[in-house]
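# for reference, the sequence and a predicted model appear below.
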Amino acid sequence: MVGIIVASHGEFAAGIKQSASMILGEAELLESVVFMPSEGPDDLYRKLREAMEKINSEEILFLVDLWGGSPFNQANRIFEEAPEKRAIVAGLNLPMLIEAYSERLTATSAHEIAKAILPSAKEEVKVRPEELQPEEKQPKAAVTLATVGLVLTMVVRTLSVVIVHQADRAAEQGNFKGVEFWHIVALACQGLRIAIPAVLLMFIPSTVIQDALKILPPWFTDGMKIGGGFVVAVGYAMVINLMATKEVWPFFFLGFALAPLKELTLIATGIIGVCLAIIYLNLSKKGGSGNGGGSSSDDPLGDILDNY
């Protein structure tokens, strides 16, 4: 069974343990540790060790009054020794301790109990009159839209591999209508991955969509992430393959050099790219008419530099 240690500044831990026993009776493997004004951190650490020896269990759950306080800090020293078998929950209150009692009957680890008791501890914090109770924050529509869009993006990226292969097969057969068809399918998929989340949010609450996304099995979401990552890598490889000429390589590496500069906005980067393209085209034209003849190679920029 998981052992529970409640620790606090002053007699709060002892009092809350007594309150819990009045409601549920005496509990096994439960100890309270109090940190008095006349004591130091080492005294508190020693008390926590003594409580652990009394409990004599590998699985330990620490319930402390304040995150970052002395009870938390000393419990954290013990937690770091075996984090896989220990857990700390701050913000100790009576509903939290009662819920820990109940969860301990079925849970086999401190981590399970720590995860289970948080909702009850928060729900029991209430105020009267009720209108003073703050409303629970609902997921913003933009966050939900982005989440659904991300899932659909991974699906579309995976499907794009199939679509491209089908278009290539149609091109090899000289089937222009087939190429056009798969091109339209690809565009439709890109549009639907944006349209579907937007339409859903118009008729379905964002909380329902969030709950539906949580139901998706891990093998599906993980598989989509891996597939989407492959598609991104393939896209970069295709771009590099198209740019694998000695005339364009300098611009390719120049883009990587400019990208980390945070001061440059996307608009500024685009303007730089357009200017470089115009300069390159002008130099290409001049290179073709230099010395009364055509350029001596397929590299106009190289010819200009050689003739300079």
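Cool, got the structure.
# would you map the helices across the stretch 1-150 of the chain?
12-24, 41-55, 70-79, 94-104, 110-123, 141-172 (DSSP state H, counting those that start in this stretch).
# can you redo these as CSV with mean pLDDT, distance to Val179 and mean neighbour count?
Every C-beta, even on glycine, is put in place using the N, C-alpha and C of the backbone. Shown next, in CSV, are the helices of the stretch 1-150 of the chain (pLDDT from 0 to 100; distance: least, C-beta to C-beta, whole Å; neighbours: other C-beta atoms under 10 Å):
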stretch, mean pLDDT, distance to Val179, mean neighbour count
helix 12-24, 90, 72, 16
helix 41-55, 94, 71, 16
helix 70-79, 94, 61, 20
helix 94-104, 89, 60, 20
helix 110-123, 86, 53, 17
helix 141-172, 78, 5, 16
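# surely Glu124 touches Pro95?
Yes: at 3.8 Å, Glu124 counts as touching Pro95 under the criterion of C-beta atoms under 8 Å.
# what's the closest of the helices of the stretch 1-150 of the chain to Glu135?
helix 110-123 (13.7 Å; C-beta to C-beta).
# quick one: the closest one to helix 70-79, angle?
Calculated by axes from the mean of the first three to the mean of the last three C-alpha atoms, to 10 degrees, helix 110-123 forms an angle of 160 degrees with helix 70-79.
# against which helices or strands is helix 110-123 packed?
strand 60-64, strand 86-90, helix 94-104 (3 or more C-beta pairs under 8 Å, 6 or more residues apart in numbering; DSSP states H and E).
# quick one: closest of the ones you listed to Gly174.
Nearest to Gly174, of those and by C-beta to C-beta, is strand 86-90 at 66.0 Å.
# quick one: mean pLDDT over that closest one.
Over the span of strand 86-90, the pLDDT mean works out to 94.
# so what secondary structure elements neighbour that strand?
So strand 86-90, by 3+ C-beta pairs under 8 Å, 6+ apart, packs with strand 60-64, helix 70-79, helix 110-123.
# tabulate those (CSV), appending distance to Tyr236.
Supplementary listing: those in CSV, determined by distance: least, C-beta to C-beta, whole Å:
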stretch, distance to Tyr236
strand 60-64, 48
helix 70-79, 43
helix 110-123, 39
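# between those, which one is nearest to Val162?
helix 110-123 (40.0 Å).
# contacting residues for Leu159?
Neighbouring residues of Leu159 by C-beta atoms under 8 Å, 6 or more residues apart in numbering: Cys189.
# that one and Ala90, how far apart?
46 Å (C-beta to C-beta, to the nearest Å).
# for Ile267, same thing?
Distance from Ile267 to Ala90, by C-beta to C-beta: 47 Å.
# if you count surrounding residues, which of those two has more?
Ala90 (16 against 8; other C-beta atoms under 10 Å).
# give me every residue that touches that one.
Per C-beta under 8 Å, 6+ apart, neighbours of Ala90: 64-68, 72.
# which residue is the nearest non-sequential neighbour of it?
Excluding the flanking residues, the one nearest Ala90 by C-beta to C-beta, 6 or more residues apart in numbering is Trp67, at 3.7 Å.
# in this structure Val89 contacts Ala114, no?
Yes: under the criterion of C-beta under 8 Å, Val89 is in contact with Ala114, at a separation of 5.2 Å.
# how much space between Met202 and Gly10?
54 Å.
# among those two, which residue is more densely surrounded?
Per other C-beta under 10 Å, whichever of Met202 and Gly10 has more neighbours is Gly10, with 12 against 8.
# can you tell me the closest non-neighbouring residue to the more buried one?
Gly10's closest residue in space is Val34 (C-beta to C-beta, 6+ apart), at 6.4 Å.
# if we can go back for a sec, isn't the residue nearest to Ala90 right up against Val89?
No: Trp67 lies out of contact with Val89 (C-beta under 8 Å); the separation is 9.3 Å.
# so which of the two has more stuff around it?
Neighbour tally, Trp67 and Val89, criterion other C-beta under 10 Å: the higher count belongs to Val89, 21 against 13.
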